[in-house]
Structures are given as C-alpha cells and as structure tokens.
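**Q** predicted model, plus sequence, below.
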Amino acid sequence: PMGFRDDDNNIVGFDVDLAKEAGKRMGLDVKFQVINWDTKEMELNNDKIDAIWNGLSITDERKQNMDFTKPYLENDQVIVVKNGSTIAKKADLEGKKVGCQKGSSAYDALMADAISGKIDGGKPTEFDENVSCFQDLDAGRLDAMVVDSVVAKYYIKKEDAKFTILSESLSPEKYGVAVKKGNTDMLNKIQKAIDEMEADGTAAKISKDWFGEDIIYKGN
C-alpha cells in the first residue's frame, strides 16, 4: 500500500499521498520515479532521484549510505502463510521454501535469524516486488514469505484473508524518508513538512484513508 500502480497505471499509495502533501508544503512539484529496489542506494547517490519515500526501513547499514528523517511509521517483519498451512510458528519454516522481496529489510531480517540456515536452500527466494511473492505463495510455489507487517495487513484485507500472519515476527523497525548523504537542506525541508502534517492531523487522515486507523509513529 506504500506505493504501487493502480488499474489505470497511476502511481498511488499511502507514502505517495504523504509525499504529495509534503511537496505542496515545500512548494515543489513531486515526480514519482519507479526504480529497482535492489539498486536504490545507487539511484540516490547518482542523483537519479532526490529522495526515497516508499516503505523504507531505517537500518544501521542504510544510515551509512544515506540520511534519514525521523521515523514516521513503526513496522516489523512478519511471516505470512496461506490459510490452512501447517506452518504455525517460525521453527516450522525448517525445510520450507520461503520468499521475500529482493534488497528488502525482510531479506535482511530473515538472514539475520538462525532459522535462515534451516529453510529450503539456506536462503529465501527473492522477488522484484512483494505482489509476485504473494502470487507464488497463493499458487503453492512458496510455503511462506517474509514481508513488512503493514504490507501484509493491507494485502490480506484486499485479498479477503486468503493468507495468515503468524504471531511470531522477526525484526521490529521504523520507516523513514531517505536523501543522499549530506543533503541536509532537502532532509530538513522534508522533515519540517512531515512535522507539520503530524501536528495538524493531515498524516493521521491519510493513514486512516489507507489503513482505517492512525498508525503514524508517535515516538519521535
């Protein structure tokens, strides 16, 4: 739900709406550029894009390569299975085929967990985007997948609960907007816009439009 193409091929989503509103407050026309998520740091460092605003988890490794706003959304990595699956807990992933998005924090969280060495192949099957991963899970080509909880909840709601989220999660994390390392001017302008949206309730309204509740992170 963070950013995707709708049936009319328009780029829409929760983060898209936040970014549009921030752009208005910054006096900028926002252009949404589709990129390969696996090369996002390169796109940013080569000035192909000015910011990454699409469900980007703040990690220590990423902080070395880009600068982040304060977190605006809290998230964790969850394990999703098809309804009726015999997988009920993380330990049940042993010997199972598990998928995730390429270059994602879901991949990092899974590989950092001891269970990664026990799954089929010793590492997950990687997909360019989460939709394909869900499709393979639905078709039975995967036994489970690891994905951001906000993405999982949105997708399950959309698909009339064809999937189940296990109670055990992997890595708690937070989302932020990233800019090129050292681009303090852009970072401060984006942060100011986010702060204003949180203060006047605009961010909460956008959250309710997409998720039915206010999930904006309040721990800043």
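**A** Received it, and whenever you're ready, just let me know what you need.
**Q** show me the contacts for residue 128.
**A** Shown in contact with residue 128 (CB atoms under 8 Å, 6 or more residues apart in numbering): 36, 37, 38, 101, 102. To be clear about C-beta, it is placed using only N, CA and C from the backbone, and glycine gets the same treatment.
**Q** which of the residues you listed ranks first by neighbour count?
**A** Within these, neighbour counts (other CB atoms under 10 Å) peak at residue 101, which reaches 25 neighbours.
**Q** apart from its neighbours in sequence, what residue is nearest that one?
**A** The shortest distance from residue 101 to any non-neighbouring residue, by CB to CB, 6 or more residues apart in numbering, is to residue 130 (5.2 Å).
**Q** wait, doesn't that neighbour sit right on residue 103?
**A** No. Under the criterion of CB atoms under 8 Å, residue 130 makes no contact with residue 103, lying 11.9 Å away.
**Q** who has more neighbours, the two?
**A** Comparing residue 130 with residue 103 by neighbour count (other CB under 10 Å), the higher total belongs to residue 130, at 24 against 16.
**Q** and the pLDDT for that one?
**A** At residue 130, the pLDDT value in this model is 91.
**Q** and it, how close does it get to residue 72?
**A** According to CB to CB, to the nearest Å, residue 130 and residue 72 sit 20 Å apart.
**Q** do the same with residue 43
**A** Distance from residue 43 to residue 72, by CB to CB: 21 Å.
**Q** looking at these two, which is more packed in?
**A** Neighbours were counted for residue 43 and for residue 72 using other CB under 10 Å; residue 72 has more, 24 against 16.
**Q** can you give me every residue that contacts residue 214?
**A** Residues near residue 214 by CB under 8 Å, 6+ apart: 204, 207, 208.
**Q** grab the nearest non-local neighbour of it.
**A** In this structure, residue 214 finds its nearest non-sequential neighbour in residue 204, 4.2 Å apart by CB to CB, 6+ apart.
**Q** not counting the helix or strand of the chain with the lowest mean pLDDT itself, show me its contacts.
**A** Least confident element among the helices and strands of the chain, by mean pLDDT, DSSP states H and E: helix 149-158 (a mean of 85). Residues outside helix 149-158 that contact it (CB under 8 Å, 6+ apart): 1-2, 55, 73, 75-78, 80, 130, 134, 162-165, 169, 210-211, 215.
**Q** from those, which land in strands?
**A** Secondary structure from DSSP state E places 73, 75, 76, 77, 78, 80, 163, 164, 165, 169 of those in strands.
**Q** mind listing what the residue nearest the centre of the chain touches?
**A** The geometric centre of the chain, computed from its C-alpha atoms, lies nearest to residue 55 (CA atoms, centre = their mean), at 3.4 Å. If you count contacts by CB under 8 Å, 6+ apart, residue 55 has them with 2, 3, 15, 75, 148, 150, 151, 175.
**Q** thinking again about what came up before, just the ones in strands from the contacts of residue 128, please.
**A** Secondary structure from DSSP E places residue 101 of those in strands.
**Q** from the contacts of residue 128, which is closest to residue 26?
**A** For the contacts of residue 128, the residue nearest residue 26 by CB to CB is residue 37; the value is 24.6 Å.
**Q** contacts only, for the closest one.
**A** Neighbours of residue 37 in contact, by CB under 8 Å, 6+ apart: 101, 102, 103, 104, 128, 129.
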